[in-house]
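In: Just a sequence and a predicted model for now, questions to come.
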Amino acid sequence: MALDRWIALVILMISLAYGYTAFFTMDEGLPPFMKFNAIWPSTFPKGLSVMAVICALIILLSPQKADAGPKAGDIDYRRLLDYKLGQATALLAMMVIYALALRPVGFLISTVAFLVISALILGERKLHILIPIAVIAAGVVWYLVQQVLGIYLRPLPFFMGTGG
């Protein structure tokens, strides 16, 4: 089986677990007044899981191409060590650290740190451009989530107040 089908199979399994969580367990803790809203916290995860399952099934069930060898630009899993695995692993570690730091550190500081450090890992060295863009992006996303969507997102660390 080709690499893209293995990846689609993994994505299908993750999407099914995510979809099960979104459809059956995510809304159990909602207060009664929130159940009258048109959009629930599980609405986007439900749509995302359904779309991911459909895309994974399309890749898995589509006819397989004749094996003519890897083309230019294709990922050749037999030469996996030739790729920049250190950067990819560091980015995955940064995502885990970011997820763990969101609550104690707050959204704004953890997001700016994640964006700046991730860009540095990828080779960006123009800090005078990188830092303002990271600050503006984190601020805009926080404003949209907090003020427009009405979803509480702790902007600052707990010892600096709630900020909302």
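Out: Structure's in. What do you need?
In: For the protein, which residues score under the pLDDT cut-off?
Out: Along the chain, the parts satisfying pLDDT under 70 run over 1, 66-70, 161-164.
In: Mind naming the longest helix for it?
Out: helix 85-105 (DSSP state H).
In: Would you state the helices of the chain in chain order?
Out: Counting by DSSP H, the helices of the chain are 3-20, 43-61, 85-105, 107-121, 127-143.
In: Make sure Glu124 is actually in contact with Leu130.
Out: Yes: counting by Cβ atoms under 8 Å, Glu124 touches Leu130, with 5.6 Å between them. C-betas here are computed from N, CA, C, even on glycine.
In: out of the two, which sits in the more crowded spot?
Out: Leu130 (15 against 12; other Cβ atoms under 10 Å).
In: For the more buried one, list the residues it contacts.
Out: Applying Cβ atoms under 8 Å, 6 or more residues apart in numbering, we find Leu130 in contact with Leu115, Val116, Ala119, Leu120, Glu124.
In: Same question for Asp74.
Out: If a contact means Cβ under 8 Å, 6+ apart, then Asp74 has no contacts.
In: Please consider this matter closed, and thank you.
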